[in-house]
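Q: Turn this into a model:
(chains A, B, C and D)
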Protein chains: 2
Amino acid sequence: MQKCTIKDIFKGIEFSSSQIAIAENKFTEIFVEKGTVLLTPGELVPYQYFVFDGCLRTYFITENGKEYTLQFAINDWWISDYTAFFTGEKSMFYIDCVKDATIFKISKESMEQLYKDVPQIESFFRIKMERFFGSYQKRILSDLALSAEEKYLRFLKSYPNIEKHIKNYHLASYLGITTESLSRVRNELAKK
Amino acid sequence: MQKCTIKDIFKGIEFSSSQIAIAENKFTEIFVEKGTVLLTPGELVPYQYFVFDGCLRTYFITENGKEYTLQFAINDWWISDYTAFFTGEKSMFYIDCVKDATIFKISKESMEQLYKDVPQIESFFRIKMERFFGSYQKRILSDLALSAEEKYLRFLKSYPNIEKHIKNYHLASYLGITTESLSRVRNELAKK
DNA sequence: CGTCTATTTGAATGTACTCAAAAGCGGTGG
DNA sequence: CCACCGCTTTTGAGTACATTCAAATAGACG
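A: Predicted coordinates for the structure are as follows:
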């Protein structure tokens, strides 16, 4: 595995060499093992994470113990509880590691400093957030309008690379169906 | 009904008198009647709207003709197809008027100019968007995890003022259930 | 009062869920 | 190399919740 650089994190941005040094300083590389919990509900959310390799997920546990996955993040994705990260409120979510991962964390303060030092990054993130917003919107429609089978197919189409990193029960918890139902859906599709 | 001023649109912001004039110039007041369609899928989305009075909604129609409501906007709310508004892509949604409304539209370009002229407005909107983001997130969880009855109750709790402006079939299309189911849910709740 | 629209009710159907058990898979140690 | 263990997926039977389609009622308004 190649080492991850600032240019990998902010693909497409042109940096001056001093900017690279400034930016690199603000990130901390972390190696996380499968099962590690990075965030628990009720905590403040000082960091966001860039996933270089491996897989993390954000999820929610209801009163009666059921898990629902909000997001997976594989290589090149950013992940956090953004609602809490933005507002400074306490988190509603868990974030854990689904597959051994190399990630880079950066705090909110460093982020804001970075916007000043490397202004291109501010618009880089604005665009990221706009896309995020759009994907949430599509997700809402999909949850409202689609059957289990259709949601599964939409997931495969939208995120073709994620499936290989996750267990079926994680996928089921993202789709909002039971593992058993997902199993049956896959079975039906295989027959066709 | 009192006239709407810039201070009503941007509650909490302190303006100089020159800023007020600048800002007022960028908005166009429109009176829309129930049933008016403001946006159709496939169009570009040059405007966002501030609702002073009345009610608008953003919705989506699937291939087989079913409607799903993404958002309602009553007084003090902003509405648009923000995904398309931000990115410049074409809209996926309809926006129409559910109850006679007085709204103020502003174009994307005017918005950007306004950020320069009245910098406080940029952070005003950043906070609005963060809240929007959070509400989408909660909506996703609610769609995933809750029964029809629970979703209905959550809606009443989250948006206690919206119900009186809309028909039950509109609410049903927001909750992702049929009118008949909503009727039964309400019936059950009334018995208790 | 009559018409149009919205809501409610009923019966039959379907999709996904629960609970329980069986089968499959991957790694470890004898 | 096989046996065993823990974890994941599959299968089956019964059930629950929401849907569909059709018809009946209720409300709003001229």
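Q: got the residue ranges for the helices in chain A?
A: A:6-9, A:17-26, A:82-87, A:108-117, A:119-145, A:148-158, A:168-175, A:179-191 (DSSP state H).
Q: Flag the shaky bits of chain A, pLDDT-wise.
A: A:1 (pLDDT under 70).
Q: Can you give me every residue that contacts the residue nearest to residue A:28 when sequence neighbours are not counted?
A: Spatial nearest neighbour of residue A:28, excluding adjacent residues (CB to CB, 6 or more residues apart in numbering or on different chains): residue A:105 at 5.2 Å. Placement of C-beta: from N, CA and C, glycine included. Listed by CB atoms under 8 Å, 6 or more residues apart in numbering or on different chains, the contact set of residue A:105 reads A:27, A:28, A:30, A:47, A:48, A:49, A:50.
Q: Tell me the bridge partners for residue A:107.
A: Note on residue A:107: beta-bridge partners residue A:47, judged by DSSP bridges.
Q: That one reaches residue A:44, doesn't it?
A: No: with contacts counted by CB atoms under 8 Å, residue A:107 stays clear of residue A:44, the gap being 11.0 Å.
Q: Give the intersection of the neighbour lists for these two.
A: Common contacts of residue A:107 and residue A:44 (CB under 8 Å, 6+ apart): none found.
Q: Endpoint to endpoint, stretch A:78-90 covers what distance?
A: End-to-end distance of stretch A:78-90: 19 Å, with CA to CA, to the nearest Å as the criterion.
Q: Is chain B within reach of it?
A: Yes: residues of stretch A:78-90 contacting chain B under CB under 8 Å from any CB of the partner chain: A:82, A:83, A:86, A:87.
Q: Would you mark the buried spots in that stretch?
A: A:78, A:79, A:80, A:81, A:82, A:83, A:84, A:85, A:86 (16 or more other CB atoms under 10 Å in any protein chain shown).
Q: swap in stretch A:126-141?
A: Going by 16+ other CB under 10 Å, stretch A:126-141 has these buried residues: A:129, A:130, A:132, A:133, A:134, A:136, A:137, A:139, A:140, A:141.
Q: Relative to residue A:71, how far out is the residue of chain A found nearest DNA strand C?
A: Of all residues in chain A, residue A:181 sits closest to DNA strand C, at 2.9 Å by CB to the nearest atom of the strand. From residue A:181 across to residue A:71, the span is 21 Å (CB to CB, to the nearest Å).
Q: hmm, back to that, can you tell me which of the buried residues of stretch A:78-90 comes closest to residue B:173?
A: Proximity of the buried residues of stretch A:78-90 to residue B:173 (CB to CB) peaks at residue A:83, which lies at 25.3 Å.
Q: Put together TSV for the residues of stretch A:78-90 next to chain B, with distance to residue B:156 on each row.
A: Shown next, in TSV, are those (distance: CB to CB, whole Å):
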residue	distance to residue B:156
A:82	27
A:83	22
A:86	27
A:87	24
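Q: If we only consider the residues you listed, which is nearest to DNA strand D?
A: Among those, and counting by CB to the nearest atom of the strand, the member closest to DNA strand D is residue A:83, at 25.8 Å.
Q: roughly how far apart are the spatially closest residue to the closest one that is not a sequence neighbour and DNA strand D?
A: In this structure, residue A:83 finds its nearest non-sequential neighbour in residue B:134, 3.9 Å apart by CB to CB, 6+ apart. From residue B:134 over to DNA strand D the distance is 25 Å, taken as CB to the nearest atom of the strand, to the nearest Å.
Q: correct me, but residue B:134 touches residue A:87?
A: Yes: Residue B:134 lies in contact with residue A:87 (CB under 8 Å); the separation is 6.9 Å.
Q: Residue A:48 contacts residue A:79, doesn't it?
A: Yes: counting by CB under 8 Å, residue A:79 is a contact partner of residue A:48 at 7.1 Å.
Q: Residues of chain A that sit close to DNA strand C?
A: By CB under 7 Å from any atom of the strand, the residues of chain A that approach DNA strand C are A:147, A:148, A:149, A:176, A:177, A:178, A:180, A:181, A:185.
Q: If we use 6 Å, what do you get?
A: A:147, A:148, A:177, A:178, A:180, A:181 (CB under 6 Å from any atom of the strand).
Q: Tabulate these in CSV, adding columns for neighbour count and distance to residue A:120.
A: Listed next are those as CSV, based on neighbours: other CB atoms under 10 Å in any protein chain shown; distance: CB to CB, whole Å:
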residue, neighbour count, distance to residue A:120
A:147, 10, 43
A:148, 17, 42
A:177, 20, 41
A:178, 14, 45
A:180, 10, 48
A:181, 15, 45
